[in-house]
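Chemist: Whatever this is, show me its structure:
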Amino acid sequence: MQIDDQVQAYLWDICEAAREISGFVRGVNFEEFEKNKVLRYAVERQLHMIGEVAAHLSPHFCKKHSEIDWMKLSELRHFIAHQYGGTVTKRVWLAATESVPAVLVSPEKLLSK
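Modeler: Numbering: from 1, shown residues only. Here you go, the predicted model:
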């Protein structure tokens, strides 16, 4: 089944944001990340983008492609937008270094169909 142009654009945005995050944190450890506000803010912005885009996908599409935890992506955006302090920094780091590589795989597969 073909994916319509709008959904393809959303998936592309998710993949591009995930690639950006991966590039930002490549070769960086947590201590460096924690000290570098520009880097943290860049990663937060891209995670926010992923969550915002995920929230715009239709429930039908998300249900059909449940291999991706769309709700978790949307919730991360909400968390970043409304929480502050060290907890956010650690959670953003974990999302950037552990979750983003996994997030990237499934949307890329969908785009290649």
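Chemist: C-alpha only now, for contacts and for neighbours.
Modeler: Fine.
Chemist: what does the average pLDDT come to for the helix or strand where T89 lies?
Modeler: Under the criterion of DSSP states H and E, T89 resides in helix 86-94. On average, the pLDDT along helix 86-94 is 84.
Chemist: in the very next helix or strand once past it, what's buried?
Modeler: Next helix or strand after helix 86-94 toward the C-terminus (DSSP H and E): helix 100-111. In terms of neighbour count (16 or more other C-alpha atoms under 10 Å), helix 100-111 has its buried residues at V100, P101, V103, L104, P107.
Chemist: How many neighbouring residues does E67 have?
Modeler: Using other C-alpha atoms under 10 Å, E67 has 11 neighbouring residues.
Chemist: Now do it against P107, distance only.
Modeler: Distance, E67 to P107, by C-alpha to C-alpha, to the nearest Å: 10 Å.
Chemist: thinking again about what came up before, want to throw the buried residues of helix 100-111 into JSON lines with pLDDT and distance to R45?
Modeler: Formatted as JSON lines, the buried residues of helix 100-111 follow (pLDDT from 0 to 100; distance: C-alpha to C-alpha, whole Å):
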{"residue": "V100", "pLDDT": "83", "distance to R45": "13"}
{"residue": "P101", "pLDDT": "80", "distance to R45": "17"}
{"residue": "V103", "pLDDT": "74", "distance to R45": "16"}
{"residue": "L104", "pLDDT": "71", "distance to R45": "16"}
{"residue": "P107", "pLDDT": "72", "distance to R45": "19"}
